[in-house]
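Peer 1: Have a look at this prediction, sequence included:
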Amino acid sequence: MKYAMEKKNLSVLLYPEASYSFDGTNTVLPESLGGCIKLLGVPVVMITTFGAFARDPLYNNLQIRKVKISAEMKYILSPEDINEKSADELNEIIGKCFDLDYFKWQQDGKVKIDEPWRAEGLNRVLYKCPHCLVEGNMFTKGAELVCSECGHKYTLDEYGYLVHEGEGGKFNHVPDWYAWERECVRQEILDGTYYYEETLPVYSLPGTQYIPIGEATVTHDLENGFIITGHYNGYDYRIQRQSKSLYTLHNEFAFKKLNKVDCFDVSVKDNSFYCVPKQKDVVTKLMLATEEMYKILTKK
């Protein structure tokens, strides 16, 4: 999804979400987008692709499915619209345009995905069992998603529905399960029980090359946000990003540039720190927690 803005010789191409969709639904848009559009004052056109998520979902271990991709272009805002509306009103209009659900798109369009490995890696997104509530014990094989703690099993069918083995299934739609996980994380934060701490490998990206800087201890909570403490090249270092300064968290699954690891990135003014958790399937929860903390602290 992208915007093309044109006015005479002016053409600006933006990817405003700057994030990946884990569950096929829209991701968070930056609040600065409306102000940017007012500053440019040029027509806004939205180009939406259909089928790209189904063809290559981020969780599926970089495996490509046989799905056709199409695109749709819509004229969203004229210069007159932009001039008349506030930045907040523009954000609201654009936000509605990003109200997407690609699993529903697959289901409604009866788009058949019959690759036998179609659910592999889905545990990265659906990391918490809705039956026993244990986190990090979901695993996938082929088209199946199973909890190793309680044994409940789901199959991702050819049209994107979750089918529970036997009675008592909790979800049949991936985004519903994902939304439930988000609410669970939010409640932990509100209850004061959310806390993450892990010693893990870290890579620094001050420019264009990733530099391994050894292991560091990373903590995350509402009061302090992310804190990374470590020792590299003879010096101790401490990096912090407050919760109120992060509206989302940049994550990668099977990141090619770091030997196909799952990781998250904590960025500061002049550097980015790519952290590689040892805990299984914790990356998604960290992103959900980051987004919910921002909402809580900014009353969004």
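Peer 2: Looks like it came in fine.

Peer 1: Give me the residue ranges of this structure where confidence is low.
Peer 2: Along the chain, segments meeting pLDDT under 70 span 1-18, 300.

Peer 1: can you pull out the helices in it?
Peer 2: 33-40, 52-55, 79-84, 87-97, 102-108, 174-191, 283-298 (DSSP state H).

Peer 1: helices or strands next to the shortest one in the packing?
Peer 2: Secondary-structure packing of helix 52-55 (3 or more Cβ pairs under 8 Å, 6 or more residues apart in numbering; DSSP states H and E): helix 102-108. Yep, even glycine has a C-beta here, placed from its N, CA and C like the rest.

Peer 1: okay, the helices of the chain in CSV with distance to residue 260 and mean neighbour count next?
Peer 2: Formatted as CSV, these follow (distance: least, Cβ to Cβ, whole Å; neighbours: other Cβ atoms under 10 Å):
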stretch, distance to residue 260, mean neighbour count
helix 33-40, 32, 17
helix 52-55, 19, 20
helix 79-84, 42, 13
helix 87-97, 33, 15
helix 102-108, 24, 18
helix 174-191, 23, 17
helix 283-298, 14, 21
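
Peer 1: Output the ones you listed in a markdown table; the columns should cover distance to residue 25.
Peer 2: Shown next, in a markdown table, are the helices of the chain (distance: least, Cβ to Cβ, whole Å):
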| stretch | distance to residue 25 |
| --- | --- |
| helix 33-40 | 18 |
| helix 52-55 | 10 |
| helix 79-84 | 26 |
| helix 87-97 | 13 |
| helix 102-108 | 7 |
| helix 174-191 | 5 |
| helix 283-298 | 13 |
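
Peer 1: what residues are up against residue 214?
Peer 2: 201, 202, 230, 231, 232 (Cβ atoms under 8 Å, 6 or more residues apart in numbering).

Peer 1: shouldn't the fourth one be in contact with residue 238?
Peer 2: By that I understand residue 231. No: between residue 231 and residue 238 there is no contact under Cβ atoms under 8 Å: 10.4 Å.

Peer 1: Burial check on the closest residue to residue 223 other than its chain neighbours, number of neighbours?
Peer 2: Sequence neighbours aside, residue 243 is the residue nearest to residue 223 in space, at 7.6 Å (criterion: Cβ to Cβ, 6 or more residues apart in numbering). When neighbours are counted by other Cβ atoms under 10 Å, residue 243 registers 22.

Peer 1: wait, what's in contact with residue 243?
Peer 2: Applying Cβ under 8 Å, 6+ apart, the residues contacting residue 243 are 221, 222, 223, 224, 225, 290, 293, 294, 297.

Peer 1: please redo it, this time with the cut-off set to 7 Å
Peer 2: 222, 225, 293, 294, 297 (Cβ atoms under 7 Å, 6 or more residues apart in numbering).

Peer 1: Likewise for residue 135?
Peer 2: Here residue 135 is in contact with 127, 128 (criterion: Cβ under 7 Å, 6+ apart).

Peer 1: try residue 118
Peer 2: Counting by Cβ under 7 Å, 6+ apart, residue 118 touches 65, 143, 156.

Peer 1: do you know how far it is from residue 210?
Peer 2: Separation of residue 118 from residue 210 (Cβ to Cβ, to the nearest Å): 31 Å.

Peer 1: Likewise for residue 141?
Peer 2: Counting by Cβ to Cβ, the gap from residue 141 to residue 210 is 31 Å.

Peer 1: And the top strand by length along the chain, what's buried?
Peer 2: Longest strand of the chain, by residue count under DSSP state E: strand 211-221. Buried residues in strand 211-221, counting neighbours by 16 or more other Cβ atoms under 10 Å, are found at 213, 215, 216, 218, 220, 221.
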